[in-house]
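Q: got a predicted structure plus its sequence, pasted below:
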Amino acid sequence: MTLAPWKNFLQITMKRILQQRRLSLYNGAHGYEEELIKKKLQQFSGGSINLSKEDNGIAILTLNNPKLMNAFTGTMMLELQERVTELENWKDGKGLIIHGAGNTFCSGSDLNVVKQISNSQDGMNMCMFMQNTLTRLMRLPLFSVALVQGKAFGGGAELTTACDFRLMTPGSEIRFVHKHMGLVPGWGGGARLVRIVGSGAALQLLGGAARVDPERALSLGLSEHTLPSSDETSALGEARAWLSQYTDGPATVIRAVKKVVTAGRELPLEAALRTEKDIFGTVWGGPANLQALVRRPKHK
Ligand SMILES: CC[C@H](C(=O)O)C(=O)SCCNC(=O)CCNC(=O)[C@H](O)C(C)(C)COP(=O)(O)OP(=O)(O)OC[C@H]1O[C@@H](n2cnc3c(N)ncnc32)[C@H](O)[C@@H]1OP(=O)(O)O
């Protein structure tokens, strides 16, 4: 038996592990102990994070703990990391919709868990674990949407900011309640909120633990669109239709668009330009480009 297949498998596996290590914001050098926090989070079970990847390139990720307003238990935090890894390895993906079960989004961390990890080491490790995961979510080469129905509170509000877009249903609410918990955002929601709405509005939303309804979210630029229906099934269909205006087309091109924008958002100008050049090289003369040259579409 030749060892070549095994050698190839090990090389691919090691490449993926190293890539995930490179993608991670925090590692041992920052005092982050991932295996320690994963073991701790595993003790707090309940709920699930469900992922459905569809042939059309759209994935639906469901926060599923409706008895607790989809609050994150420890195992849900672990499952979110696993789902993000799945999405990083899904090469045909174009779009992602994140929503909550029971017609509500997410009520943040499960407060029963928070009480059990209120010491500094566990709290900081959980903070870095969730920042690692949400930063990887934000950088997925997919157009991502948080479908906000009902309440997006605390960490749930932070999760919405890790998506490219937020769509809200009538009567829904985004609220950074952290101040009332004697906290500030810890899942990266503070840094992302400043980049979405600006520092002044971020100070008001965080400092005032303000209730943000769909109308105020639109005016702040925190939400892109208010969906007509507050019905759970109709709202998901409306979110799919809204997203499809950006995800119709070849996955290679859709994914390249998101990568270019991520580079422009996160890198210094010259590095962003070089990254754009590299991404351009992956689509120039590609199948979609050559087919368009034959078709000669009129952009009316
Ligand atoms: C960095 C993130 C940060 C951290 O990790 O420290 C956090 O996210 S801390 C958590 C921040 N979130 C909250 O403080 C929200 C607390 N919940 C509420 O304010 C309300 O539940 C609300 C407004 C979301 C919904 O109110 P409503 O009256 O519609 O429903 P109930 O309050 O009766 O909730 C139903 C049921 O769910 C339980 N619940 C709700 N949220 C949580 C939660 N975050 N952790 C644990 N359990 C939660 C609530 O207790 C009810 O259960 P019951 O057994 O019937 O009492």
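A: Received, thanks.
Q: residues of this protein that sit close to the ligand?
A: Within reach of the ligand by Cβ under 6 Å from any ligand atom, the chain has these residues: 68-69, 71, 107-112, 114, 151, 153-155, 177, 181, 183, 185-187. From N, CA and C alone the C-beta is placed, and that goes for glycine too.
Q: buried subset of the residues you listed, written for ChimeraX?
A: Burial among those is assessed by 16 or more other Cβ atoms under 10 Å; the matching ChimeraX selection reads:
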select :68,69,71,107,108,109,110,114,151,153,154,155,177,183,185,186,187
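Q: chain center to the helix or strand encompassing Leu78: distance?
A: Per DSSP states H and E: Leu78 is located in helix 74-88. Distance of helix 74-88 from the chain centroid (Cα atoms, centre = their mean, to the nearest Å) equals 11 Å.
Q: that helix - what's its average pLDDT?
A: Summarised as a single mean, pLDDT over helix 74-88 is 98.
Q: and what of stretch 293-300?
A: With pLDDT averaged residue by residue, stretch 293-300 scores 85.
Q: what is the end-to-end distance of that stretch?
A: Start-to-end span of stretch 293-300 (Cα to Cα, to the nearest Å) is 16 Å.
Q: in the chain, which spans are helices?
A: Ranges of helices within the chain are 4-23, 34-41, 74-88, 111-116, 120-138, 155-161, 189-197, 199-207, 214-220, 232-247, 251-266, 269-283, 287-295, based on DSSP state H.
Q: between these, which one is closest to Lys53.
A: Closest to Lys53 of the helices of the chain, according to Cβ to Cβ: helix 74-88, at 7.5 Å.
Q: can you list the neighbours in contact with the closest one?
A: The contact list for helix 74-88, computed with Cβ atoms under 8 Å, 6 or more residues apart in numbering, reads 20, 23, 38, 40-49, 51, 53, 59, 61, 63, 65, 72, 93, 96, 110, 113, 126, 129-130, 132-133, 136-137, 140, 142.
Q: quick one on the thing from earlier: the helix holding Leu78: which residues count as buried?
A: For helix 74-88, by 16+ other Cβ under 10 Å, it's Gly74, Thr75, Met76, Met77, Leu78, Glu79, Leu80, Gln81, Arg83, Val84, Leu87, Glu88.
Q: next, the angle helix 34-41 makes with that helix.
A: 130 degrees (axes from the mean of the first three to the mean of the last three Cα atoms, to 10 degrees).
Q: show me the contacts for the residue in the stretch 151-300 of the chain positioned nearest to the ligand.
A: Closest residue of the stretch 151-300 of the chain to the ligand, Cβ to the nearest ligand atom: Gly154 (2.6 Å). Going by Cβ under 8 Å, 6+ apart, Gly154 touches Ser107, Gly108, Ser109, Arg175, Phe176, Val177, His178, Met181.
Q: now the nearest residue to the second one once chain neighbours are set aside: how far from Met130?
A: Pointing back at Gly108 there. Using Cβ to Cβ, 6 or more residues apart in numbering and skipping the chain neighbours, the partner closest in space to Gly108 is Gly154 (2.7 Å). Applying Cβ to Cβ, to the nearest Å, the value for Gly154 to Met130 is 12 Å.
Q: and the closest residue to Glu54 other than its chain neighbours, how many neighbours?
A: Distances taken as Cβ to Cβ, 6+ apart place Ile60 nearest to Glu54, at 7.5 Å, with adjacent residues excluded. Residues lying near Ile60 (other Cβ atoms under 10 Å) number 18.
Q: so Ile60 sits against Ala239, correct?
A: No. Using Cβ atoms under 8 Å as the test, Ile60 is too far from Ala239 to be in contact (9.3 Å).
Q: okay, and the common contacts of the two?
A: Counting by Cβ under 8 Å, 6+ apart, the contacts common to Ile60 and Ala239 are Ile97, His99.
Q: rewinding a little: using a markdown table, lay out the contacts of Gly154 together with pLDDT.
A: Shown next, in a markdown table, are those (pLDDT from 0 to 100):
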| residue | pLDDT |
| --- | --- |
| Ser107 | 98 |
| Gly108 | 98 |
| Ser109 | 98 |
| Arg175 | 98 |
| Phe176 | 98 |
| Val177 | 98 |
| His178 | 98 |
| Met181 | 95 |
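Q: alright, I will stop here.
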